[in-house]
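*Asks:* coordinates only, sequence not included:
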């Protein structure tokens, strides 16, 4: 495996969540810096040394609303 992709979203209750695509890995933290450390730890725990991806790609999803004015 060359890479694994995580979808990063802001959690409704605060902080951030990360969910891997194609693997059963989920983690969360209060900060982006902490989340990155949690992602690395989760990948280390999930894969054997010879199966680990070489790259962890983070895809950020952010919802934003714009008010319409007339």
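*Replies:* Ah, there it is. Being a predicted model, the structure only gives us computed values, none of them experimental.
*Asks:* avg pLDDT for the helix or strand where residue 58 lies?
*Replies:* Element membership of residue 58, judged by DSSP states H and E, is strand 55-61. Taken as a whole, strand 55-61 has a mean pLDDT of 97.
*Asks:* show me what it is packed against.
*Replies:* Other elements packing on strand 55-61 under the criterion 3 or more C-beta pairs under 8 Å, 6 or more residues apart in numbering; DSSP states H and E are strand 3-10, helix 32-46. Heads up, the C-betas are built off the backbone N, CA and C, glycines and all.
*Asks:* what pairs with it, parallel or antiparallel?
*Replies:* Partner strands for strand 55-61, per DSSP bridges, with pairing direction: strand 3-10 (parallel).
*Asks:* what's the strand it pairs with in contact with?
*Replies:* 16-23, 25, 32, 35, 39, 43, 53-63 (C-beta atoms under 8 Å, 6 or more residues apart in numbering).
*Asks:* switch to 7 Å and redo it
*Replies:* Applying C-beta atoms under 7 Å, 6 or more residues apart in numbering, the contact partners of strand 3-10 are 16-21, 23, 35, 39, 43, 53-62.
*Asks:* just to revisit the earlier point, buried sites along the strand holding residue 58?
*Replies:* Within strand 55-61, the residues scored as buried using 16 or more other C-beta atoms under 10 Å are residue 56.
*Asks:* tilt between it and helix 32-46?
*Replies:* Strand 55-61 runs at 130 degrees relative to helix 32-46, counting by axes from the mean of the first three to the mean of the last three C-alpha atoms, to 10 degrees.
*Asks:* returning to that earlier point: which of the helices and strands packed on strand 55-61 sits most buried?
*Replies:* Across the helices and strands packed on strand 55-61, averaging neighbours per residue (mean count of other C-beta atoms under 10 Å) puts strand 3-10 on top, at a mean of 16.
*Asks:* toward the C-terminus from that one, list the very next helix or strand.
*Replies:* Heading C-terminal from strand 3-10 (DSSP H and E), you reach strand 16-20.
*Asks:* what pairs with that next one, parallel or antiparallel?
*Replies:* Strands flanking strand 16-20 in the sheet, each with its direction: strand 3-10 (antiparallel), strand 26-29 (antiparallel) (DSSP bridges).
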